[in-house]
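> coords below, sequence missing:
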């Protein structure tokens with residue numbers, strides 16, 4: 001009788017894994033009993049046909065038994081393999097851009113974004129959580145299998161969970177909130193035996209949203225405020241259109257993804273002809289007719305044109321988004337590409353909530369990561385006066401106020417006629433003062449320590 005006791009103590013990072021045996025007993029037909037312990041064993045190999053057992057020691061020595069030598073092949077796996085993951089939400093290009101870019105606030109003549117964003121390549125997607133069924137989790141009496149059921153939850157006790165199936169040997173989960181942890185269990189095909197379990201933690205700060213048929217979607221949450229807080233996730237989403245006048249629509253798969261974000265209102269900053277060809281029957285949210293759709297109906301709602309000529313539109317937009325967000329109803333605001341009109345309103349909103357000038361620059365330029373259609377830089381000034389981001393920043397900085405946030409407040413109160421009480425109510429809900437994970441120090445690359453560069 002051969003018994004094998006296995007205890008797996010695993011930590012997965014960058015998809016590397018290790019498993020160690022703590023105790024193995026093999027009894028062969030001639031009565032030989034051989035005991036081995038962790039200090040001696042590197043790994044054990046048992047083929048799927050279970051005809052042999054091979055032990056490989058750390059010194060490289062092999063010890064094997066064949067089927068005809070073993071009284072009975074039986075393996076007891078006494079502990080469920082534990083496999084944990086840590087994933088950074090930002091892709092490498094965005095991570096490096098946010099980490100290493102610090103602009104001179106007095107000089108809007110240059111940009112760094114094109115060191116990280118390139119033409120003809122979308123880099124506006126996050127990293128997903130990928131949970132894999134590891135070979136050692138199948139047990140030594142089980143043949144390799146795929147498409148196993150998997151249960152995952154935000155709660156360690158699985159009191160509220162979702163069930164899915166692996167695609168092959170893995171499950172890809174998109175759009176997890178930074179800081180969240182998913183707990184999971186992979187089941188055998190009988191759906192009663194857990195064959196692998198663990199957790200997956202999403203780290204980072206910037207929450208880009210994966211929806212391939214829509215450009216440039218981002219959650220405004222995560223950005224730090226200058227008074228020590230950070231913006232709450234899941235309240236404001238910005239991005240490009242769900243539909244246009246020539247009937248280019250969001251895909252069915254992306255409708256499911258975006259509804260899972262909990263969006264309860266679409267605020268469209270375009271004009272009627274641009275949005276749905278002026279055909280009133282087409283005026284509805286493509287995520288579902290149960291979601292309110294509000295059209296601003298003004299085609300020039302951006303940059304200097306907006307802040308100097310159309311404060312009434314800003315006031316209307318503010319009152320709408322404030323009413324939804326304070327009622328805990330997430331809102332999606334968009335224009336055609338999610339860059340100019342959406343970028344202008346994101347700039348004003350983030351500014352009055354207290355982002356630094358550098359972070360306002362970075363968030364504006366992040367539209368460049370969706371490729372050619374989204375290229376936007378802080379130093380761009382086109383022949384159309386509206387497209388002057390630096391001019392808009394300097395206009396706000398020219399207003400009264402001690403801090404940059406105060407100057408934005410002056411703009412909203414004195415020019416857009418929005419009350420200070422309304423502004424403070426939004427701040428009270430939107431700014432979270434619990435300590436966030438901060439992955440973006442600003443050392444020059446050559447000043448990094450050896451430990452930092454390895455991480």
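In hand now; what should we look at? In this text the structure is predicted, and so the values were computed from the model without any measurement.
> Name the single longest strand found in this structure.
When the chain is parsed with DSSP state E, its longest strand is strand 194-203.
> who's in contact with the helix or strand just after that one?
Toward the C-terminus, strand 194-203 is succeeded by strand 218-219 as the next helix or strand (DSSP states H and E). When contacts are defined by C-beta atoms under 8 Å, 6 or more residues apart in numbering, strand 218-219 is touched by residues 177, 206-209, 233-234, 236-239, 261, 363, 366. C-beta coordinates here come from the backbone N, C-alpha and C atoms, glycine included.
> which stretches of the stretch 151-300 of the chain aren't confidently modelled?
Along the stretch 151-300 of the chain, segments meeting pLDDT under 70 span 298-300.
> returning to that earlier point: in strands, which of the contacts of strand 218-219 appear?
Cross-referencing the contacts of strand 218-219 against strands under DSSP E gives 236, 237, 238, 239.
> tell me which strands and helices the longest helix along the chain is in contact with?
The single longest helix within the chain, with elements called by DSSP state H, is helix 311-326. Judged by 3 or more C-beta pairs under 8 Å, 6 or more residues apart in numbering; DSSP states H and E, helix 311-326 is in contact with strand 266-268, helix 303-309, strand 331-334, helix 341-353, helix 420-430.
> wait, which of the ones you listed is closest to residue 131?
Among these, the nearest to residue 131 by C-beta to C-beta is strand 331-334 (28.1 Å).
> strand partners of the closest one, parallel vs antiparallel please.
Its sheet considered, strand 331-334 pairs with strand 236-239 (parallel), strand 266-268 (parallel) by DSSP bridges.
> I'd say residue 395 and residue 306 touch.
No: the pair residue 395 / residue 306 is not scored as a contact, 10.9 Å apart, by C-beta atoms under 8 Å.
> between the two, who's got more neighbours?
residue 306 (24 against 16; other C-beta atoms under 10 Å).
> For the more buried one, which non-adjacent residue is closest in space?
Leaving aside its chain neighbours, residue 306 sits nearest to residue 344 (5.2 Å; criterion: C-beta to C-beta, 6 or more residues apart in numbering).
> Check residue 181 too.
residue 201 (4.7 Å).
> and residue 363, what does it touch?
Taking C-beta under 8 Å, 6+ apart, we find residue 363 in contact with 218, 223, 346, 347, 350, 355.
> What of residue 182?
Counting by C-beta under 8 Å, 6+ apart, residue 182 touches 129, 152, 153, 154, 173, 176, 199, 200, 202.
> circling back: out of the contacts of strand 218-219, flag the one nearest to residue 88.
residue 206 (10.1 Å).
> The closest one contacts residue 96, doesn't it?
No: Residue 206 lies out of contact with residue 96 (C-beta under 8 Å); the separation is 12.0 Å.
> If you count surrounding residues, which of those two has more?
Using other C-beta under 10 Å as the criterion, residue 206 and residue 96 rank with residue 206 on top: 23 against 14.
> Find the residue closest to that one in space, skipping its chain neighbours.
Residue 206's closest residue in space is residue 90 (C-beta to C-beta, 6+ apart), at 5.2 Å.
> That neighbour against residue 203, yeah?
No: at 9.3 Å, residue 90 and residue 203 do not qualify as touching, with contact defined as C-beta under 8 Å.
> With neighbour numbers in mind, choose between the two.
Between residue 90 and residue 203, residue 90 has the larger neighbour count (other C-beta under 10 Å), namely 22 against 16.
> is it true that the more buried one lies in a strand?
No: counting by DSSP: H, G, I helix; E, B strand; the rest coil, one finds residue 90 to be coil, located in no strand.
> Just list the residues touching it, thanks.
Shown in contact with residue 90 (C-beta under 8 Å, 6+ apart): 98, 126, 127, 204, 205, 206, 208, 439.
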